[in-house]
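[1] Sequence and predicted structure are below.
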Amino acid sequence: MNSLDIEPKTTSMIKLSFAVVVAMLCSDYAVADATTDRSADTAELTLLAIESGRAYARRDLATLEQFTAQDYVQTDVRGGLLNRAEWLEFVKNRKSDLVVDSDGIEVRFYGDVAVVMGHWRYTLKSTSPEAVSYSRWTSVWTHESDGWKRHIFQNTYVNPNADGQVTAAGH
């Protein structure tokens, strides 16, 4: 047997061993985290998520700057990737007059990191009748010396007709 025959087996065993160790560490960590009372953090992050939507709607850059980390990255509803400066510039120059309502907010903790998910209802005020659209979003937050900061935000329009559109397009 040459080293080429042994190497794939050894590599597979190393990968499997690593995966088992990671799974064990994660499960112990998750159990430890589950015993911590995070209700105050959950309430605060829920309020921050709601206020983030409202601040976005009213173009409140000071509030958005306060909530977002320096390394903030967003995947927007159109699939565009924006860093913090690009996103704040987009918000500042956005033409639409919106109201954003939040619901279905869930907060999960993974050690010192929080994943916050929810649902937004956008109401475009400049149309008659008012146009309404919806999105689902997921964000990643950490607690820093000056409060919770959002690092990552991924937002997707809710489109119940997406499968039909893909099928009609021949995909």
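    Thanks, I have the structure now. Remember, predicted model here, so these are calculated numbers, not experimental data.

[2] need the strands for the chain, in chain order.
    Taking DSSP state E, the strands of the chain run over residues 68-75, 81-83, 98-110, 113-124, 131-144, 147-157.

[3] Adding distance to Ile50, mean neighbour count and mean pLDDT, write those out as a markdown table.
    Where you see a C-beta, it was placed from the backbone N, CA and C, and this is true even at glycine. Compiled in a markdown table, the strands of the chain are given as follows (distance: least, C-beta to C-beta, whole Å; neighbours: other C-beta atoms under 10 Å; pLDDT from 0 to 100):
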| stretch | distance to Ile50 | mean neighbour count | mean pLDDT |
| --- | --- | --- | --- |
| strand 68-75 | 16 | 17 | 97 |
| strand 81-83 | 22 | 14 | 96 |
| strand 98-110 | 5 | 15 | 95 |
| strand 113-124 | 8 | 18 | 95 |
| strand 131-144 | 12 | 16 | 94 |
| strand 147-157 | 13 | 17 | 96 |
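
[4] Distance to Asp60 added to the ones you listed, as a markdown table?
    Formatted as a markdown table, these follow (distance: least, C-beta to C-beta, whole Å):
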| stretch | distance to Asp60 |
| --- | --- |
| strand 68-75 | 12 |
| strand 81-83 | 18 |
| strand 98-110 | 11 |
| strand 113-124 | 16 |
| strand 131-144 | 17 |
| strand 147-157 | 14 |
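
[5] Which among these is found nearest to Arg59?
    Arg59 lies closest, by C-beta to C-beta, to one member of those: strand 98-110, at 9.2 Å.

[6] Direction included, what does that closest one pair up with?
    On the basis of DSSP bridges, the sheet neighbours of strand 98-110 come out as strand 113-124 (antiparallel).

[7] and Arg94, what does it touch?
    For Arg94, the contact set (C-beta atoms under 8 Å, 6 or more residues apart in numbering) comprises Arg59.
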